[in-house]
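In: Everything below, folded, please.
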Amino acid sequence: MVAARVTGIGIGLLVFMITWLIGARLAEMIWEAPVGPVVAMVTALAVGSLAAVLSGRRLASSQRS
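Out: Model (predicted):
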């Protein structure tokens, strides 16, 4: 159970990093310097957190079955 949650956190961090890198490049094209990085970071935090929670739950439920 703990291993499933920790693996979910690792997956969430990976998704966070990839989303931040791609989002920063795309937001840089749309918005100026102060807004673009903030939008990329907020988006990456939301997507990474969601991925961590969902993958942790999925892995934990598959271990219980």
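In: okay, CA-based contacts and neighbour counts for the rest of this
Out: Noted.
In: mind listing the helices for the chain?
Out: Counting by DSSP state H, the chain has helices at residues 2-30, 35-64.
In: how close does the residue nearest to residue 54 when sequence neighbours are not counted get to residue 39?
Out: Spatial nearest neighbour of residue 54, chain neighbours left out: residue 8 (7.6 Å); criterion: Cα to Cα, 6 or more residues apart in numbering. Noted for residue 8: a distance of 24 Å to residue 39, by Cα to Cα, to the nearest Å.
In: of those two, who's got more company?
Out: Legend: neighbour count by other Cα atoms under 10 Å for residue 8 and residue 39, higher for residue 8 (23 against 17).
In: The residue nearest to residue 37 when sequence neighbours are not counted: how many residues sit nearby?
Out: In space, and not counting its chain neighbours, residue 37 is closest to residue 24: 5.7 Å by Cα to Cα, 6+ apart. Neighbour count of residue 24, defined by other Cα under 10 Å: 19.
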